[in-house]
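1. Here's my sequence, what's the structure:
(4 chains)
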2 protein chains.
Amino acid sequence: MRPGERPEIANLPLFREMQEGQRDRIFSGSFLQAFPPQLTLFELGQHPDFLHVLVDGLVELYAHSAGRDTTMRIVEPVTSFILAAVITDQPYLMSARTIAPSRILLVPAALVREVVKDDCALMQATMRELAQAYRDMVRALTDMKLRQSAERLGNLILQQERRQGGSSTVRLKAEKRLLASLLGMTPENLSRAFGVLGGHGIAVSGAQVTITDRAALEAFSRPDPVRDDLA
Amino acid sequence: MRPGERPEIANLPLFREMQEGQRDRIFSGSFLQAFPPQLTLFELGQHPDFLHVLVDGLVELYAHSAGRDTTMRIVEPVTSFILAAVITDQPYLMSARTIAPSRILLVPAALVREVVKDDCALMQATMRELAQAYRDMVRALTDMKLRQSAERLGNLILQQERRQGGSSTVRLKAEKRLLASLLGMTPENLSRAFGVLGGHGIAVSGAQVTITDRAALEAFSRPDPVRDDLA
DNA sequence: CGAAAAGCTTGATCCTGATCAAGAATGGCC
DNA sequence: GGCCATTCTTGATCAGGATCAAGCTTTTCG
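-> Down below sits the predicted model:
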């Protein structure tokens, strides 16, 4: 682990409130590993061996069924992932691959389950993290069921913009094909969706998206005040 | 509370392992209330006041956006619901209504949060419940993104049949319009989907669905060994 | 029991998004 | 810098599912 990284990881909501000793126990049993891009980290159906914490890079979580793939989530640093599989000790429901050179902290799943039992603060943090993850999935599912493609894209842009600091500018962190899969559409249709949004307050240039007319974009995308707020 | 009910509730995975005293604290602060059908219990966006435990009846959780509704989950007794909103103390992401006369145990949200903090067993159960709920949502989302309508219906029937005891017979517990909404399609299309499945091993008569040829149904629906198993 | 309402099914048409097929742009790499 | 591979875009066509419009069945309730 490089200097400065341990505190960064220790500061994650998941580990922040833990007892110092228990945190050491977690860290000393874990190891940080570097992965090249396009490497499969684990596959759907496997038994979870490690809780993963993305320290640096970019990871895609995806699912497949009947020959088709779909992106479920794009993980940005610094974030833990597949916590639910580790806690329930049940097979992964998603596969994971790096989409950029990445460094990942691997925490043995059994160790997580054990320390969780002993450290109430970690348990509470885990509980909160899972509740949040659940809510995110509820949002994603209603999005998928109720909105059509261009609207989904519009809302994703609004949401990214807020997360990137509200500068009316969004830099897409992943390829558009990946974004399309995340939004549940084909790359062709994503292109067309960007085209549609061109008439509703955005301008695209490569991976750079600029919101030229927020009111128009919001009128078109109808962000839900409850569902889309990061409150 | 009627005799026999308290033990039934106390036996829920959520409350089973708690300290006796803490459980009393929960129960003595809660109350059981009866609701007529078609009554809205709470609305999306509201601040969560109670953890709900459906003791008897049937409840629909649904979301809306841009004038449209969609059913997110049909809750059968005995089950708790909207645990995540209570834990995070954030607005409901779904609305709830009774679809049959129902009796619901209402546990004040603040009380839940407080007792959770004091009782590690409850916290652990909560954590597990949330992890399971998260995984269910992951399944629902991939289902929605990757399968088409008749396939979704086929899998739902297979899944219900397993849950109802494997007698090759499924009794639909809700109206078909509701089922359609849960599956993310229109009632018209659900009818047609049943029609399609008629050629793939099922026979429908009102709310009674019979699996006449499991192999055919599975060949058509391609249940995912990992995702659909209740393991 | 019988009428009204609600739910379900079936058919016809429409629309969103998928697929197929080329080009244009971008990026990696020697 | 220039070539090759990949990604992105644009156009044409197709298909799954939505919508619209009736009939039909079941339930509800006086």
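
2. Can you show me the helices along chain A?
-> A:5-10, A:13-16, A:20-29, A:83-88, A:109-118, A:120-146, A:149-163, A:176-182, A:187-198, A:214-221 (DSSP state H).

3. what about the closest residue to residue A:214 other than its chain neighbours, neighbour count?
-> Nearest residue to residue A:214 in three dimensions, chain neighbours excluded: residue A:201, at 6.4 Å (CB to CB, 6 or more residues apart in numbering or on different chains). In short, each C-beta sits where N, CA and C put it, glycine included. Neighbour count for residue A:201, taken as other CB atoms under 10 Å in any protein chain shown: 20.

4. Got the confidence number for residue A:201?
-> Reported pLDDT at residue A:201 in the predicted model: 93.

5. I'd assumed residue A:210 was in contact with it.
-> No: at 9.5 Å, residue A:201 and residue A:210 do not qualify as touching, with contact defined as CB atoms under 8 Å.

6. quick one: residue A:223 from chain B, how far?
-> Remark: distance between residue A:223 and chain B (CB to the nearest CB, to the nearest Å) = 9 Å.

7. what's the answer for residue A:147, then?
-> Distance from residue A:147 to chain B, by CB to the nearest CB: 7 Å.

8. Give me the nearest residue to that residue, chain neighbours excluded.
-> Using CB to CB, 6+ apart and skipping residues adjacent in sequence, the residue nearest residue A:147 is residue B:65, 6.5 Å away.

9. now residue A:8
-> residue A:78 (5.8 Å).

10. Assess the claim that that neighbour and residue A:52 are in contact.
-> No: if you go by CB under 8 Å, residue A:78 and residue A:52 don't touch, sitting 11.4 Å apart.

11. Between those two, point out the one with more neighbours.
-> Legend: neighbour count by other CB under 10 Å for residue A:78 and residue A:52, higher for residue A:52 (26 against 15).

12. related to what we said a few turns ago, out of the helices of chain A, nearest to residue B:176?
-> Closest of the helices of chain A to residue B:176 is helix A:120-146, at 17.6 Å (criterion: CB to CB).

13. Give me the distance between the residue of chain A found nearest DNA strand C and residue B:146.
-> For chain A and DNA strand C, the shortest gap (CB to the nearest atom of the strand) falls at residue A:148, measuring 2.8 Å. Distance, residue A:148 to residue B:146, by CB to CB, to the nearest Å: 18 Å.

14. pLDDT-wise, which helix or strand of chain A ranks last?
-> helix A:5-10 (a mean of 83; mean pLDDT, DSSP states H and E).

15. Tell me which of residue A:148 and residue B:146 has more neighbours.
-> residue B:146 (20 against 10).

16. Residue A:211 and residue A:202 touch, don't they?
-> Yes: counting by CB under 8 Å, residue A:211 does reach residue A:202; the two are 5.6 Å apart.

17. hey, what's in contact with both of these two?
-> Counting by CB atoms under 8 Å, 6 or more residues apart in numbering or on different chains, the common neighbours of residue A:211 and residue A:202 are A:157, A:217.

18. if you count what's nearby, which of those two comes out ahead?
-> Applying other CB under 10 Å to residue A:211 and residue A:202 shows that residue A:202 carries more neighbours, namely 26 against 22.

19. and that one, what does it touch?
-> The contact partners of residue A:202, taken as CB under 8 Å, 6+ apart, are A:154, A:157, A:194, A:209, A:210, A:211, A:212, A:213, A:217.

20. hang on, the earlier thing: can you tell me which of the helices of chain A comes nearest to residue B:36?
-> helix A:120-146 (26.9 Å).

21. tell me the contacts of the residue positioned nearest the centre of chain A?
-> Geometric centre of chain A, nearest residue: residue A:75, 3.4 Å, by CA atoms, centre = their mean. Going by CB under 8 Å, 6+ apart, residue A:75 touches A:54, A:58, A:59, A:60, A:61, A:81.

22. Turn those residues into TSV, columns for pLDDT, distance to DNA strand C and neighbour count.
-> Below are the contacts of residue A:75 laid out as TSV (pLDDT from 0 to 100; distance: CB to the nearest atom of the strand, whole Å; neighbours: other CB atoms under 10 Å in any protein chain shown):
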residue	pLDDT	distance to DNA strand C	neighbour count
A:54	96	20	21
A:58	95	13	18
A:59	97	18	23
A:60	97	17	23
A:61	97	19	23
A:81	97	25	20
